[in-house]
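Participant: take this sequence and fold it.
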Amino acid sequence: MKKAVMIGAGQIGRGFIGMLLEGAGYHVVFADINRSVIDDINTRHEYTVHLMDTECVDTVVKNISAVDSLSPALIDEYVSCSLICTSVGLTAFPYIAPALAQGITARKEAGITEPLNVIACENGLKNTEKLRNLIYEKLSEEDKKYADTYIGFPDCAVDRIIPPVEGIAAAETVVERYHEWDVERSGFKGEIPEIPGMNVVDDLSAFIERKLFTLNGPNAVTGCLGYLKGYTTVKEALEDQEIYELTYGMMEECGEMLSKRHGFTAEEMRDYRDSLIRRFLNPYIIDSVTRVAREPIRKLAPDDRIIAPMNYAHSYGIATPHYYKGIATVLAYSNPDDEQSMRIQKMIKENGVKETLRELCAIEPESETAAEVERIYKDYHPC
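Facilitator: Got it, this is the predicted structure:
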């Protein structure tokens, strides 16, 4: 029986990728450090994915097992599988890369020539490539040659809203109907696996940027402004006219840019952003503003979901007043439970808005962007 290892038994791991892999006939081994989830999987040997939309459907995922990510047994699983996927977040890459490198070395020493593909199912650009680079740092030159021949590292884009839900078994999860998993063809080694729900594409960058820039960027701003205005959920926040107009305005500016950058038609981008709004307003999916707003420093990075699309828009001569307000909103987000948001407040207090923009976003203090963001920021913190 073919086997896949799903590193990360969180919401995306169980409620999206792991479910698709099991549905494609894989025995899925979940690797995680969450003992309650590991024990639940290994005790019941199944979990249920609850699809909550206009039509509600339960899917039982059965062909599964779990292993502690810190256990030496995980290396054996890497040796005997044909596909590895991750859903752990970028900050965990340095922690999972050494064991993955050990697995590759063990496969070489065992004389295995069956191709193995590793896919990082994370938010962001070229994340599989980032994981590959960390793995290669741990490999000898001979191991690297082996990996170059037999180990594929396809980049991908994933999209499904899976909020945390209380009152269900540890391994169970609630998902929306919409899902998208685009994987780049050129990164595979050997035969590309047939997995219903996995879309193999030639140019992944267009799909990654459409999702990261149109969904994740505006959604993060929705969370920040929603928190500042006292809302608890994304749905509540978007029902506020000011927040709706800011979110949709960012999507429109982004859509105009993506049409020029990747050739999406105006109609395609309008349909895409309208579908996002419908998803965010799904009454069955309760997503918290603090979840989508979390880690604002990472989200303000120059190559991430807010600053990068704004800079691309400027390169095409597209005005971005909604992005200016969005950036100011993220800077104003002050949540004592979010360590990164508090670091931003400290930076602004010590160095000012413009210097903070330079340090976090690579935005020059003398630029029009810095001046506009600072002006709008003062609306949140008037002198």
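Participant: contacts only, for residue 42.
Facilitator: The contact partners of residue 42, by CB atoms under 8 Å, 6 or more residues apart in numbering, come to 65-66. Every residue, glycine included, has its C-beta placed from N, CA and C.
Participant: with residue 268 instead?
Facilitator: By CB under 8 Å, 6+ apart, residue 268 lies in contact with nothing.
Participant: look up how far residue 258 lies from it.
Facilitator: Distance of residue 268 to residue 258, given as CB to CB, to the nearest Å: 9 Å.
Participant: go on, residue 124?
Facilitator: 17 Å.
Participant: those two: which is more packed in?
Facilitator: Set residue 124 next to residue 258 and count neighbours by other CB atoms under 10 Å: residue 258 wins out with 22 against 19.
Participant: the more buried one and residue 214 touch, don't they?
Facilitator: Yes - with contact defined as CB atoms under 8 Å, residue 258 reaches residue 214; the gap is 7.2 Å.
Participant: which residues are common contacts for these two?
Facilitator: In terms of CB under 8 Å, 6+ apart, residue 258 and residue 214 are both contacted by the residues residue 269.
Participant: what about the helices in the stretch 1-150 of the chain?
Facilitator: For the stretch 1-150 of the chain, applying DSSP state H, counting those that start in this stretch gives helices covering 11-12, 18-23, 35-44, 73-80, 93-109, 127-136, 141-150.
Participant: to residue 365, which of the ones you listed lies closest?
Facilitator: Taking CB to CB as the measure, these were each checked against residue 365, and helix 127-136 came out nearest at 29.8 Å.
Participant: please state the offset of that closest one from the chain centre?
Facilitator: 16 Å (CA atoms, centre = their mean, to the nearest Å).
Participant: kindly report the same for stretch 80-98.
Facilitator: Its chain's C-alpha centre and that of stretch 80-98 lie 14 Å apart, by CA atoms, centre = their mean.
Participant: what of stretch 361-379?
Facilitator: 27 Å.
Participant: dump that stretch to PDB, restricted to CA.
Facilitator: Once non-C-alpha atoms are left out, stretch 361-379 reads as follows in PDB (Å, rounded to 0.1, in the frame of the first residue of the first chain):
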ATOM      1  CA  CYS A 361       8.900  46.800   5.200                       C
ATOM      2  CA  ALA A 362      12.000  48.300   3.500                       C
ATOM      3  CA  ILE A 363       9.900  51.500   2.800                       C
ATOM      4  CA  GLU A 364      12.100  54.500   2.600                       C
ATOM      5  CA  PRO A 365      11.200  57.300   5.100                       C
ATOM      6  CA  GLU A 366      11.300  59.900   2.400                       C
ATOM      7  CA  SER A 367       8.800  58.100   0.200                       C
ATOM      8  CA  GLU A 368       5.200  59.100  -0.500                       C
ATOM      9  CA  THR A 369       4.200  55.700   0.900                       C
ATOM     10  CA  ALA A 370       5.800  56.400   4.300                       C
ATOM     11  CA  ALA A 371       4.300  59.900   4.500                       C
ATOM     12  CA  GLU A 372       0.800  58.600   3.700                       C
ATOM     13  CA  VAL A 373       1.000  55.700   6.100                       C
ATOM     14  CA  GLU A 374       2.200  57.900   8.900                       C
ATOM     15  CA  ARG A 375      -0.600  60.400   8.200                       C
ATOM     16  CA  ILE A 376      -3.200  57.700   8.400                       C
ATOM     17  CA  TYR A 377      -1.600  56.100  11.400                       C
ATOM     18  CA  LYS A 378      -2.100  59.300  13.300                       C
ATOM     19  CA  ASP A 379      -5.900  58.800  12.900                       C
END
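Participant: residues in contact with residue 325?
Facilitator: Taking CB under 8 Å, 6+ apart as the criterion, residue 325 is in contact with 246, 376.
Participant: buried residues, whatever helix or strand residue 341 lives in. List them.
Facilitator: Using DSSP states H and E, residue 341 sits in helix 339-351. Neighbour counts over helix 339-351 (16 or more other CB atoms under 10 Å) mark 340-341, 344-345, 347-348 as buried.
Participant: redo those residues as TSV? Include distance to residue 75 and pLDDT.
Facilitator: Output for the buried residues of helix 339-351, formatted as TSV (distance: CB to CB, whole Å; pLDDT from 0 to 100):
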residue	distance to residue 75	pLDDT
340	34	98
341	38	97
344	40	98
345	43	97
347	42	98
348	46	97
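Participant: now the two most distant members of those.
Facilitator: 340 and 348 (12.9 Å).
Participant: report pLDDT for residue 109.
Facilitator: We have a pLDDT of 97 for residue 109.
Participant: who are the packing partners of the host helix or strand of residue 252?
Facilitator: Residue 252 belongs to helix 241-262 when assigned by DSSP H and E. Where contact means 3 or more CB pairs under 8 Å, 6 or more residues apart in numbering; DSSP states H and E, helix 241-262 is packed against helix 204-211, helix 217-228, helix 234-238, helix 266-280, helix 307-315, helix 321-332.
Participant: taking those together, which one is wrapped up most tightly?
Facilitator: Burial of those is given as mean neighbour count (mean count of other CB atoms under 10 Å); helix 217-228 ranks first at a mean of 27.
Participant: tell me who's in contact with the spatially most central residue of the chain.
Facilitator: The residue lying closest to the centre of the chain (CA atoms, centre = their mean) is residue 123, at 2.1 Å. The contact partners of residue 123, taken as CB under 8 Å, 6+ apart, are 158, 212, 216.
Participant: wait, the first one touches residue 121, no?
Facilitator: Yes - counting by CB under 8 Å, residue 158 does reach residue 121; the two are 4.7 Å apart.
Participant: any residues in contact with both of these two?
Facilitator: 12, 16-17, 87, 181.
Participant: farthest pair in those?
Facilitator: Greatest spacing in the shared contacts of residue 158 and residue 121, by CB to CB: 87 and 181 (11.1 Å).
Participant: I'd like the buried residues of helix 339-351 as a markdown table, with distance to residue 251 appended.
Facilitator: Formatted as a markdown table, the buried residues of helix 339-351 follow (distance: CB to CB, whole Å):
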| residue | distance to residue 251 |
| --- | --- |
| 340 | 24 |
| 341 | 23 |
| 344 | 24 |
| 345 | 27 |
| 347 | 28 |
| 348 | 27 |
